[in-house]
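Trainee: Below is the sequence, then the predicted model.
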Amino acid sequence: VQLQASGGGLVQAGGSLRLSCAASGRTFSRYSMGWFRQAPGKERESVAGIRWSGGVTYYADSVKGRFTISRDNAKRTVYLQMNGLGSEDTAVYYCAATMGSSWYPADMEYWGKGTLVTVSS
């Protein structure tokens, strides 16, 4: 599975962005997909995850109620809708895939290149 994230950019605090992660490979629908982020000087952290069926989702406490993850298996794409952005959300965002059940970055099997999100205050 090859992944390509896009949709990052510069946004003012309180604004919104939607990230997309396009996947190649016929087995995309079998993978659970996650979004992760890494801010300067910090470790990569889990942000949100969605099971292959789309039925179970995970959110980090810091983004609950503001971010929404979704997927379209027919388009082989997973999305991250981010609302109410704050400066603490500034980071490089990555998408990743796993056939496992963990959302820890170390347990993800495939990674895409990141997309930078910068929130100005």
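Mentor: Here it is on my side, so go on.

Trainee: and the nearest residue to K42 once chain neighbours are set aside, what are its phi and psi?
Mentor: Spatial nearest neighbour of K42, excluding adjacent residues (CB to CB, 6 or more residues apart in numbering): A91 at 7.8 Å. Backbone N, C-alpha and C define where each C-beta goes, glycine included. A91 has phi and psi values of phi -180, psi 170 when expressed as degrees, to the nearest 10.

Trainee: tell me the contacts of A91?
Mentor: Applying CB atoms under 8 Å, 6 or more residues apart in numbering to A91 gives the contacts R37, Q38, A39, K42, L116, V117.

Trainee: Same question for S20.
Mentor: S20 is in contact with A5, S6, G7, T77, V78, Y79, counting by CB under 8 Å, 6+ apart.

Trainee: again, 6 Å this time
Mentor: If you count contacts by CB atoms under 6 Å, 6 or more residues apart in numbering, S20 has them with S6, G7, T77, Y79.

Trainee: out of those, which are inside strands?
Mentor: S6, T77, Y79 (DSSP state E).

Trainee: give me the number of residues near the second one?
Mentor: A total of 18 residues lie near T77 under the criterion other CB atoms under 10 Å.

Trainee: looking at it, it is touching A22, isn't it?
Mentor: Yes: the criterion here is CB atoms under 6 Å, and T77 meets it with A22 at 5.2 Å.
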